[in-house]
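Asker: Give me coordinates for this.
(one chain, ligands or ions: 1)
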Amino acid sequence: MIYITGDTHNTEDMSNLSTKNMKLCCMEQNADFHAITAAIVLGDFGFPWSSDCTVDESGIHPVDHTDRYLLKWYNQKPFKILAVMGNHDNYDIIEKLPEIEMFGAKVLKVSDNVYYLKRGEVYYIEEKRILVLGGAMSDDKVWRKPHESWWEQEEWGEGEKKSCFAKIKENNKFDFVLSHTGPSAGIALADDFFSNEENLKQLHRDSNVVFNDKIESSISYKKWFFGHWHSDWGYEHYNESKYIPLYHQGIVIRTDNTAENNF
Ligand SMILES: [Fe+2]
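Answerer: Numbering: from 1, shown residues only. Have a look, this model is predicted:
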């Protein structure tokens with residue numbers, strides 16, 4: 001069983017992955033917490049945050065005490081933690097992580113229990129075919145410091161986009177799409193401000209939204225999960241919407257396909 005939740009922001013919203021919060025969400029969906037094999041964070045995992053950290057084939061070795069603490073906490077979880085890349089993520093460290101084979105493609109190893117999912121990759125997790133995107137433009141980047149609290153890699157490079165489209169060309173049918181910011185139609189549901197056509201255009205200042213929209217028009221899928229907008233609209237409207245923005249709440253995906261009727 002897969003559990004999907006929103007941005008955890010290092011320790012700030014780590015409670016998304018607390019046993020208490022996850023058990024409550026499982027209970028609402030008549031699911032067994034102990035059946036979770038993987039918990040997915042939809043970007044802004046923010047871990048590790050500090051660049052004061054070495055990386056080798058076993059993963060990260062943080063010096064920063066908060067990152068050290070989080071590493072221990074995540075390693076004790078009885079399921080794997082898989083992170084989509086967001087905007088508040090340390091791409092300088094992510095780029096150094098060792099690649100290993102998992103779920104039919106390459107993942108980036110943070111530790112034995114924690115992995116980043118690569119952008120533009122297709123994974124098979126619990127028999128679901130999943131397209132992973134990621135990234136978003138930071139609105140507040142002028143107040144942030146490059147390579148310390150902001151990373152330009154938050155927006156995709158042209159090469160990455162090309163290879164993602166090439167993958168989709170081979171087979172464009174997916175069960176789920178996971179991203180950080182959403183496609184614009186989904187964002188309009190997460191944030192009322194964008195329900196107006198004029199305001200919606202502003203979203204296209206973010207090249208990641210433009211890219212997500214292009215991807216959306218090239219594929220078929222059942223549900224598109226995304227974070228970034230800090231909205232749990234998708235949790236409340238799971239059954240009737242194909243766009244599922246999430247923040248603190250978690251959606252359970254069962255292998256037996258009963259997930260289509262979670263609540
Ligand atoms: Fe966030």
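Asker: CA only for contacts and neighbour counts going forward, please
Answerer: Will do.
Asker: tell me the helices in the stretch 1-150 of the chain, going along the chain?
Answerer: For the stretch 1-150 of the chain, the helices defined by DSSP state H, counting those that start in this stretch occupy 19-28, 65-75, 91-94.
Asker: so how far is the first one from its chain's centroid?
Answerer: For helix 19-28, the gap between its own C-alpha mean and the chain's C-alpha mean amounts to 19 Å (CA atoms, centre = their mean, to the nearest Å).
Asker: How are the helices of the stretch 151-263 of the chain distributed by residue range?
Answerer: Under DSSP H, counting those that start in this stretch, the stretch 151-263 of the chain gives helices at 158-170, 184-190, 197-202, 207-218, 233-236.
Asker: ranking those by mean pLDDT, which is last?
Answerer: Within the helices of the stretch 151-263 of the chain, the stretch with the lowest mean pLDDT is helix 197-202, showing a mean of 91.
Asker: Show residues contacting it.
Answerer: 184, 188, 193-194 (CA atoms under 8 Å, 6 or more residues apart in numbering).
Asker: Just the buried ones among the residues you listed, please.
Answerer: The neighbour-count test (16 or more other CA atoms under 10 Å) marks 184, 188, 194 as buried among the contacts of helix 197-202.
Asker: just curious, which of those residues is nearest to Ile93?
Answerer: The closest of the buried ones among the contacts of helix 197-202 to Ile93 turns out to be Ser184 (CA to CA; 29.4 Å).
Asker: my guess is that closest one meets Ile215, correct?
Answerer: No. The criterion here is CA atoms under 8 Å, and Ser184 misses it with Ile215 at 11.6 Å.
Asker: Show me which positions of stretch 158-171 end up buried.
Answerer: Residues of stretch 158-171 classed as buried by neighbour count (16+ other CA under 10 Å): 161, 164, 168.
Asker: Oh, that last question was meant for stretch 186-193, not what I typed.
Answerer: Buried, per 16+ other CA under 10 Å, within stretch 186-193: 186-190.
Asker: Dump the helices of the stretch 151-263 of the chain into JSON lines; add distance to Tyr69 as well.
Answerer: Converted to JSON lines, the helices of the stretch 151-263 of the chain look like this (distance: least, CA to CA, whole Å):
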{"stretch": "helix 158-170", "distance to Tyr69": "33"}
{"stretch": "helix 184-190", "distance to Tyr69": "32"}
{"stretch": "helix 197-202", "distance to Tyr69": "39"}
{"stretch": "helix 207-218", "distance to Tyr69": "32"}
{"stretch": "helix 233-236", "distance to Tyr69": "29"}
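Asker: between those helices, which gets nearest to Lys72?
Answerer: That would be helix 233-236 among those, by CA to CA, at 28.9 Å.
Asker: now the buried residues of stretch 186-193 in a markdown table, with distance to Pro98?
Answerer: Output for those, formatted as a markdown table (distance: CA to CA, whole Å):
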| residue | distance to Pro98 |
| --- | --- |
| Gly186 | 33 |
| Ile187 | 33 |
| Ala188 | 37 |
| Leu189 | 37 |
| Ala190 | 34 |
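Asker: In contact with the closest residue to Glu101 other than its chain neighbours, which residues?
Answerer: Nearest residue to Glu101 in three dimensions, chain neighbours excluded: Val107, at 6.2 Å (CA to CA, 6 or more residues apart in numbering). Contact analysis of Val107 by CA under 8 Å, 6+ apart lists 99-101, 115-118.
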